[in-house]
Every structure is written in structure tokens, then in C-alpha cells.
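Undergrad: next one to model:
(one chain, ligands or ions: 1)
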Amino acid sequence: MTTMGETLPEFFDPEVLEEPFVWYQEALARGPVATAGGGAVHLVLSHKMVSEAAGRPDDLSSDFGAMMRGARADDAEIARVEADGWPQVDTMLTADPPVHTRFRKLVNLAFSMPRVNAMDDEIRAIVRGLLDSLVARESIEMVHDFAVPLPVAVIAAQIGMSPDDAANVKRWSDAFADRLGGMATREREIECAHLVVEFQQQVKRLIDARRGGNGPNDLLGAIVNATIEGERPLDDAEILSIVQQLMVAGNETTTSTIAGGLLLLIQNPDQAAKVRADRSLIPNMVEEMLRLLSPTAGLWRVAAKDMMLGDVAIERGQIVMLRFAAANRDPAVFPEPDRFDVERKNARSHLAFGRGIHMCVGNMLARKELAVTFEELFARYARFELTEGANDFRHVPNRLLRGLAALHVRLS
Ligand code: HEM
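TA: Coordinates of the predicted model:
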């Protein structure tokens with residue numbers, strides 16, 4: 001790593017991305033906006049500037065869907081596969097107002113606080129079922145044995161799929177993520193296209209079963225039947241795209257917070273002891289985990305016009321990345337930013353869910369899944385420990401997301 005005065009190394013270098021925290025501090029000390037990708041990307045770092053940038057959707061567009069759909073959008077074979085499905089519509093994450101506004105209003109109805117609170121029992125039953133299945137194991141690989149299946153099972157249940165279908169939900173979610181990642185081979189892209197169409201055809205049947213207020217009153221039912229005066233209800237292609245986004249945006253992020261959060265507790269036994277003694281600290285502990293882990297570490301924007309961000313001039317069409325993970329360790333807002341403090345007064349001021357019109361629509365659901373998970377872990381186990389010699393603490397390589405690839409633990 002560099003010292004002040006030298007040029008900072010390339011931010012997107014895999015080794016910097018693996019452990020970016022010294023980089024953030026050195027870059028933040030120089031200014032709120034840095035560059036990455038050989039100068040091609042403006043990286044917004046400070047809490048103040050990320051908040052400001054997230055609040056200027058007219059200047060900084062989220063219409064980066066085409067950028068993420070990758071180079072194979074024109075492939076004839078893929079087009080042939082996709083002809084059996086529904087068109088991909090830019091709905092929330094990659095849409096700007098006024099298109100975004102309509103989708104967001106309708107989807108907000110499905111994620112209201114009373115609706116999410118009503119999911120408590122079901123989420124707890126899923127958490128308990130997963131923990132029951134781990135009882136006999138001496139060493140648990142927390143990521144794949146628990147943290148991956150949990151959000152997948154929750155979303156599967158909420159769209160009306162049986163527990164047996166959870167494996168399909170995972171296969172589909174991986175396909176969406178691989179497509180967005182833009183690094184898949186042509187063979188994998190074709191496979192992903194088949195999986196997306198398979199997803200669409202199965203979920204279409206579930207949509208039909210809920211039309212007109214019939215069928216279960218689950219999350220999918222709420223989306224299908226969401227109505228707002230003056231707005232047309234969502235059509236099939238739009239609903240399919242929304243459900244797809246819920247899986248892409250909700251699964252890996254929740255997984256990473258569970259695994260990374262457990263590691264924080266193991267590495268900070270004094271903090272774990274505080275929570276064990278007073279479980280009412282769990283909600284604030286979850287906020288502090290989200291702050292430090294920032295699983296959605298950064299997201300793209302495209303400058304819609306020539307503009308200024310602080311004293312940095314940005315030209316129309318240039319790529320900007322909001323680096324939520326850097327903002328969440330900004331010492332101007334969070335004293336001793338690298339310290340895990342379950343009683344931190346302003347932990348909830350983090351930007352792990354973003355800010356402004358795109359702020360995570362699933363944030364209450366994610367918070368609920370995390371709180372229930374840690375309540376159940378503390379209730380069931382007296383000790384959380386690492387499995388000796390089994391961990392390398394590496395993260396899955398990704399420019400946008402950050403999460404442990406594996407975490408081997410003993411729970412006793
Ligand atoms: C710990 C877990 C999670 C984290 C850290 C997270 C993070 C984020 C962030 C940072 C954004 C803002 C994007 C932007 O500004 O461009 C976002 C948006 C979004 N999230 Fe989450 N998320 C999580 C869980 C979930 C869950 C559980 C769901 C749904 C089941 C979900 C669905 C979405 C959707 C659909 C959007 C787009 C909203 C919009 O553009 O209006 N997320 N999330």
C-alpha cells in the first residue's frame with residue numbers, strides 16, 4: 001500500500017478490492033472524489049458526497065442496464081432462446097424517473113412495514129429449519145450451509161414456490177447475477193438465457209394464479225395486485241423483471257451480511273458478549289454490521305449532463321461509481337471508522353442501502369432477516385468460533401459487491 005504523497009494504486013486491482021480499507025482512508029484524506037479504471041471512472045467516496053450524488057438522479061442517471069447486459073445482447077442464438085420468454089424491462093435499479101417513479105410506488109406497497117412484519121414467523125421458521133439441519137455438523141461452512149439458502153428460501157416462499165423449488169430459485173439467481181457480471185463465456189450466456197426463460201415461464205404461472213386478487217396474499221400477490229390511482233397496474237414483463245431484480249439485489253447482499261456479521265462477532269468477542277448480555281442491542285448491531293460490511297460496496301451512475309460534483313468537473317456520459325463502502329468508513333461521520341462498535345450512536349446513518357429515490361426497497365426485509373438470524377444464533381449457541389486452519393477469509397472477486405467466499409465455523 002502507498003503512503004500519502006504517492007499515487008494511489010489502481011482501485012479495481014483485484015488485490016486492492018480484496019482489502020480496500022487503507023485505500024479508502026488514503027483516498028478520502030485527499031478528497032471526496034477519486035478516479036479508478038485508469039481514469040475512466042469517477043469514484044465518489046465521502047459520506048457527504050455519496051449522499052449528495054445519490055440525491056441528484058437528474059444529473060446522475062441509473063440507466064446502466066445496457067452497460068451491464070454485456071456484449072452478447074446481439075447474439076442470434078441467445079435471441080432465439082429469449083424469443084420463448086418475455087422482454088427484459090428496466091424497472092427499478094436501472095431506471096430513471098418518471099419510469100422509476102411508477103415502479104417504485106407500486107413495489108413499495110408490497111414492502112410496507114406491516115407486510116414485512118407479518119413475515120416474521122415465516123422467516124423465523126426458515127432460520128430455525130436451516131439451523132436444525134446443521135446440528136450434527138462439527139464444522140459448518142456458514143456461507144453455503146446457511147447464508148446462501150436463507151434469503152433464497154425467504155424469497156422463494158414469498159413468490160409462492162415450494163421449498164423444493166428453492167434450488168431452482170438459486171440457479172435462476174445465479175444466472176441473473178452472471179449475466180449482470182458481464183464476465184460469463186458465450187456457453188454460460190446461452191445457458192443463462194435458458195434459465196431466465198425457465199424462470200419467466202414458471203413465475204408467469206404464479207402471476208396468473210394471483211391476478212384479480214385470487215391466490216395467496218404473499219409478496220408476489222401484493223406486486224401483481226398493486227394499484228395506485230392514476231397508474232396502470234404492472235404487466236407480466238414488468239412483474240417478471242421486478243421479481244428478477246428482487247433476487248439479484250436481495251440474495252447475495254443478505255448472504256454477505258450474515259457471513260461477514262458472524263465473522264465480526266467472532267473477531268470481536270467483547271462486542272459479542274455485550275449483545276449476548278443484552279439482546280436489545282441486536283438491531284443496532286445489525287446496522288453496525290451493514291456499515292462495516294457494505295455488501296453493495298458500490299454502484300454505477302452515468303452523468304446525464306456536464307456537471308460538477310464538489311469541485312470535480314464531470315462530462316456528460318462519464319461513468320461515476322457511488323462507493324457506499326468508503327462513505328460508511330468516512331471518519332468525518334464515524335469516529336474510529338474501522339472499529340466494530342455494537343453501541344455506535346449513529347450506526348444507522350450508514351449508506352449501505354443507498355439513499356434517495358433508489359434506496360433499497362428491500363431494506364426492511366433485509367433488516368428483519370438479519371435480526372432474526374442473529375437472535376436465533378445467540379439463543380441457540382453459547383460460542384461462535386472459527387474452524388482452525390480452515391479459513392482464508394477471501395472475498396468473491398467483484399467490483400460492485402463484497403462478500404466472503406466461505407466461512408468455516410464451529411457453533412457450540
Ligand atoms: C443486506 C442486504 C441488502 C443490501 C446491502 C442492499 C443494498 C442496496 C443498495 C445500496 C441499493 C441502492 C441502489 C442504488 O442506489 O442504485 C439497493 C436497491 C435495491 N434493493 Fe437492496 N440491498 C439489500 C437487500 C435487498 C433485499 C432483501 C431486496 C429484495 C428482496 C432488495 C431489493 C432491492 C431493489 C429492488 C433495489 C432497487 C431499488 C430502486 O432502484 O428503486 N435489496 N439495495
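Undergrad: CA only for contacts and neighbour counts going forward, please
TA: Fine.
Undergrad: who's in contact with Leu293?
TA: Ser256, Thr257, Gly260, Gly261, Ala325, Arg402 (CA atoms under 8 Å, 6 or more residues apart in numbering).
Undergrad: wait, is Arg232 part of a helix?
TA: No: Arg232: not assigned to a helix; according to DSSP: H, G, I helix; E, B strand; the rest coil it is coil.
Undergrad: picking up where we left off before, JSON lines for the contacts of Leu293, including distance to Arg394, secondary structure and neighbour count?
TA: Shown next, in JSON lines, are those (distance: CA to CA, whole Å; DSSP: H, G, I helix; E, B strand; the rest coil; neighbours: other CA atoms under 10 Å):
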{"residue": "Ser256", "distance to Arg394": "12", "secondary structure": "helix", "neighbour count": "27"}
{"residue": "Thr257", "distance to Arg394": "15", "secondary structure": "helix", "neighbour count": "26"}
{"residue": "Gly260", "distance to Arg394": "11", "secondary structure": "helix", "neighbour count": "27"}
{"residue": "Gly261", "distance to Arg394": "15", "secondary structure": "helix", "neighbour count": "21"}
{"residue": "Ala325", "distance to Arg394": "17", "secondary structure": "helix", "neighbour count": "29"}
{"residue": "Arg402", "distance to Arg394": "10", "secondary structure": "coil", "neighbour count": "24"}
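Undergrad: of these, list those near the ligand.
TA: Contacts with the ligand are made by Thr257 out of the contacts of Leu293, judged by CA under 6 Å from any ligand atom.
Undergrad: which two among the contacts of Leu293 are spaced furthest apart?
TA: Gly261 and Ala325 (14.9 Å; CA to CA).
Undergrad: which bits of the stretch 301-412 of the chain sit near the ligand?
TA: Residues of the stretch 301-412 of the chain lying near the ligand (CA under 6 Å from any ligand atom): Ala352, Phe353, Gly354, Ile357, His358, Met359, Cys360, Val361, Gly362, Asn363, Leu365, Ala366.
Undergrad: can you classify the third one by secondary structure?
TA: So that's Gly354. Gly354 - assigned by three-state DSSP - is coil.
Undergrad: can you tell me the closest non-neighbouring residue to it?
TA: Once flanking residues are discounted, Gly354 sits nearest to Cys360: 6.5 Å by CA to CA, 6 or more residues apart in numbering.
Undergrad: do I have it right that that neighbour meets Arg367?
TA: No: in this structure, Cys360 is not within contact of Arg367 by CA atoms under 8 Å, at 11.1 Å.
Undergrad: what's the closest non-adjacent residue to the spatially most central residue of the chain?
TA: Note on the chain: the residue nearest the mean C-alpha position is Thr253, at 3.4 Å, using CA atoms, centre = their mean. Closest residue in space to Thr253, ignoring its immediate chain neighbours: Pro295 at 5.3 Å, by CA to CA, 6+ apart.
Undergrad: near the ligand, which residues of the stretch 151-300 of the chain?
TA: So the stretch 151-300 of the chain meets the ligand at Gln245, Leu246, Ala249, Gly250, Thr253, Thr254, Thr257, Ser294, Pro295, Thr296, Leu299 (CA under 6 Å from any ligand atom).
Undergrad: rerun that using 8 Å as the cut-off
TA: 151, 155, 242, 245-257, 290, 294-300 (CA under 8 Å from any ligand atom).
Undergrad: these, buried ones only, as a ChimeraX selection?
TA: Remark: buried members of those, expressed as a ChimeraX selection using 16 or more other CA atoms under 10 Å:
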select :151,155,242,245,246,247,248,249,250,251,252,253,254,255,256,257,290,294,295,296,297,298,299,300
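Undergrad: next step: the residues of the stretch 151-300 of the chain next to the ligand restricted to strands.
TA: Counting by DSSP state E, the part of those found in strands is Leu299, Trp300.
Undergrad: okay, and which of the residues of the stretch 151-300 of the chain next to the ligand map to helices?
TA: 151, 155, 242, 245-257, 290 (DSSP state H).
Undergrad: related to what we said a few turns ago, wait, what's in contact with the residue nearest to the centre of the chain?
TA: Pro295, Thr296, Leu401, Gly403.
Undergrad: do Pro149 as well
TA: Contacts of Pro149 by CA under 8 Å, 6+ apart are Ala166.
Undergrad: at 7 Å what do you get?
TA: By CA atoms under 7 Å, 6 or more residues apart in numbering, Pro149 lies in contact with nothing.
Undergrad: what's the separation between it and Val342?
TA: Separation of Pro149 from Val342 (CA to CA, to the nearest Å): 26 Å.
Undergrad: again, but for Ala153
TA: 28 Å.
Undergrad: cool, and Glu229?
TA: Taking CA to CA, one finds Glu229 at 43 Å from Val342.
Undergrad: looking at those two, which has the bigger crowd around it?
TA: Val342 (22 against 6; other CA atoms under 10 Å).
Undergrad: isn't the more buried one right up against Glu288?
TA: Yes: the pair Val342 / Glu288 is scored as a contact, 6.1 Å apart, by CA atoms under 7 Å.
Undergrad: low-confidence regions, this structure specifically.
TA: Scanning the chain for pLDDT under 70 picks out 1-5, 66-73, 181-182.
Undergrad: can you give me the strands for the stretch 201-350 of the chain?
TA: Counting by DSSP state E, counting those that start in this stretch, the stretch 201-350 of the chain has strands at residues 299-303, 307-309, 312-314, 319-322.
Undergrad: and the residue of the stretch 201-350 of the chain nearest the ligand?
TA: Minimum separation of the stretch 201-350 of the chain from the ligand (CA to the nearest ligand atom) falls at Gly250, amounting to 3.3 Å.
Undergrad: which one of the strands of the stretch 201-350 of the chain lies nearest to Pro20?
TA: strand 319-322 (14.8 Å).
Undergrad: now could you export just the CA positions of that closest one as PDB?
TA: What follows is strand 319-322 as a C-alpha-only set of coordinates in PDB (Å, rounded to 0.1, in the frame of the first residue of the first chain):
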ATOM      1  CA  ILE A 319     -19.100   6.800 -15.600                       C
ATOM      2  CA  VAL A 320     -19.500   7.500 -11.900                       C
ATOM      3  CA  MET A 321     -19.400   5.000  -9.100                       C
ATOM      4  CA  LEU A 322     -21.000   5.700  -5.700                       C
END
